[in-house]
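Q: My questions are about this predicted structure, shown below with the sequence.
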Amino acid sequence: MRRASRIDARRLLGWLTLALAVGLLLYTASAWARPGGGHTYSGGSSRSSSSRSSGGHSGGGGDGDAAGLIFQLILLCIQYPALGVPLLLIVVAFFVVKAIIGAGQKGWSTTTPDVQAVERVEDGETAARVGRAELDTIRALDPGFSLVLFEDLVYMLYAAVLRGRAIGTQALAAYLEPNLGHSLVDPQLSDVQGIVIGAMRYVRFSGTQSPMLEIEIEIESNYVEVLRAGGSRRFYAVDRVVLTRAATARSRAKARSHTLDCPNCGAPLEAVRGTECSYCRQNVGFGRFDWMIAGFSNQSRETRGPLLTSDVAETGTELPTIVDRGAPQRFEELSRKDPAVSWQALQGRVALIFAELQIAWSGREPLKIRPFVSDNLFQSLYYWIDLYTQQRCRNISENATILRIDLANVLSDASFDAITLRIFARNIDYTVSDDGKLLSGHRSRPRTYSEYWTLIRGSARRGEPRRDNNCPNCGAPLAISMTGQCEYCRVKVTSGDFDWVLSRIEQDESYGG
Ligand SMILES: [Zn+2]
Ligand SMILES: [Zn+2]
């Protein structure tokens, strides 16, 4: 009897250790450091070991581990009910408290009834993905539609709405569902600053059959809320945005793609009173002429800073590459349009950008990568590099080598050609403090990883992708300002109008085609 109980005690100790370990696992959410893309914006918790972490942000990655824990506990309840049942109750109480705290952190959330219905279905689930090729079908209705420009508009609208929560949304009436405007505003805020968008994923697309097109997008971002009462707080957020537009509307010209103005005639936004434009005399709201935000909801947000110094196992590298069915054919068409764009020449360009990215990242010199990346990607890279500088540490990538490049997708529209490649690479990756202490990673053990890179170039441009560090316009050695202009010829080389620039880096588990 006594002997049996001693075994029980030892087993109990084992079970408790297991419970503790899993509990810890739930809380040691971590960010994988890697040049440019390994981070997420939700405070690092989404890159947990969960293989379906792509949709499970902000602690959601722990759900799989939680299920394992509960399974083990049920097992314990059957084998040793006297020990298992109380332990199960403690764990259940823990999760209830955690859920209540989590609900309290949600902060703000505003959606149209439509959107709420969608959320109920998908809440807590990995969202279904809509591939970009599917959205590209909008071009059948609207030949000027460009995904690159659409995503720029989404970034711009998203940032405007976040700021509108503090400074009011009246000026955005043409771009907002009317009921949304009021409910978004938070009177406690005096401003929202430092908005950086980390990633966006397409969750739902209503198709081109209905009179109103509808696209739901999940956006990871971070931003600083400045409070009227004084002080500020930084958030890492995952938001869902629903955009809608009349199927009959036509996309704005590329030249207007970086300003919010009258959706119909392009008059300054001040000319639009309510949803009526005083220039063109049209009601320009309700998505009649351009995309409008019809739903905006916060999925999760947290003030906790990103963890720059912990490791997590690489996930997804072994998964097959998501290749769009039409990609090889569209690559051939692109090469026919411009024979200088060969697979080999493109690989040369990628190798250059890859090498420059390692240098910029490890050396915390964001300007080094500026000539090769789009504005949005640069903002995000700059944000991370700056964060390392602030935290007095450095993520070093050494001996980085590209092992293989797969073609994943090619999309060409009236404004841009976009090529998505999956890059398999190996490097030595570790983080050190400025005084030389190793904080994470290994100084000698190489690591293999993969990610999806999207390069874009203006569709009118022809010529061989540059593999050297010279201006694609004037040929001078590259000296590029923060805003992307060549210091000699002053053209903006990062717009993609001159050569292929990197516009997105997506992780294996995040890429949806
Ligand atoms: Zn107008
Ligand atoms: Zn130049």
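A: Happy to help now that I have it. Ligands and ions are numbered 1, 2, ... in the order given.

Q: okay, and the helix or strand of the chain with the least pLDDT?
A: One helix or strand of the chain scores below all others by mean pLDDT, DSSP states H and E: helix 113-122, with a mean of 31.

Q: hmm, who's touching the next helix or strand after it?
A: Where DSSP states H and E defines the elements, the next helix or strand beyond helix 113-122 is helix 132-135. By C-beta atoms under 8 Å, 6 or more residues apart in numbering, the surrounding residues in contact with helix 132-135 are L147, F150, Y202, F205, I215, D324, G326, N409, L411, G512, G513. From N, CA and C alone the C-beta is placed, and that goes for glycine too.

Q: before we move on, what about stretch 169-176?
A: Under C-beta under 8 Å, 6+ apart, the answer for stretch 169-176 is 157, 160-161, 164, 180-182, 184-185, 260, 262-263, 269-270, 272, 274-275, 277, 284-285, 290-293.

Q: Would it count as contacting ligand 1?
A: No. Residues of stretch 169-176 contacting ligand 1 under C-beta under 5 Å from the ion: none, with a closest distance of 8.7 Å.

Q: quick one: terminal-to-terminal distance for that stretch?
A: End-to-end distance of stretch 169-176 (C-alpha to C-alpha, to the nearest Å): 8 Å.

Q: burial count for the spatially closest residue to T137 that is not a sequence neighbour?
A: Spatial nearest neighbour of T137, excluding adjacent residues (C-beta to C-beta, 6 or more residues apart in numbering): T208 at 5.7 Å. Residues contacting T208 under the criterion other C-beta atoms under 10 Å number 15.

Q: wouldn't T208 be in contact with D142 here?
A: No. In this structure, T208 is not within contact of D142 by C-beta atoms under 8 Å, at 9.2 Å.

Q: How is the residue nearest to T137 assigned, secondary-structure-wise?
A: Per DSSP: H, G, I helix; E, B strand; the rest coil, the secondary structure class of T208 is coil.

Q: measure it to F354 for me?
A: Per C-beta to C-beta, to the nearest Å, T208 is found 37 Å from F354.

Q: ok and the residue in the stretch 351-500 of the chain nearest ligand 1?
A: Nearest residue of the stretch 351-500 of the chain to ligand 1: S415, at 22.4 Å (C-beta to the ion).

Q: OK, contacts around that residue?
A: By C-beta under 8 Å, 6+ apart, the neighbours of S415 are G144, S146, V148, L149, K254, G458, S459.

Q: Not counting its neighbours along the chain, what's nearest it?
A: Using C-beta to C-beta, 6+ apart, the nearest residue to S415 is S146, at 4.0 Å.

Q: check contacts around the residue nearest to D499 when sequence neighbours are not counted.
A: Distances taken as C-beta to C-beta, 6+ apart place P472 nearest to D499, at 3.8 Å, with adjacent residues excluded. By C-beta under 8 Å, 6+ apart, the residues touching P472 are R466, V493, F498, D499.

Q: Just the element for the first one, please.
A: Read that as R466. R466 belongs to no helix or strand when elements are defined using DSSP H and E.
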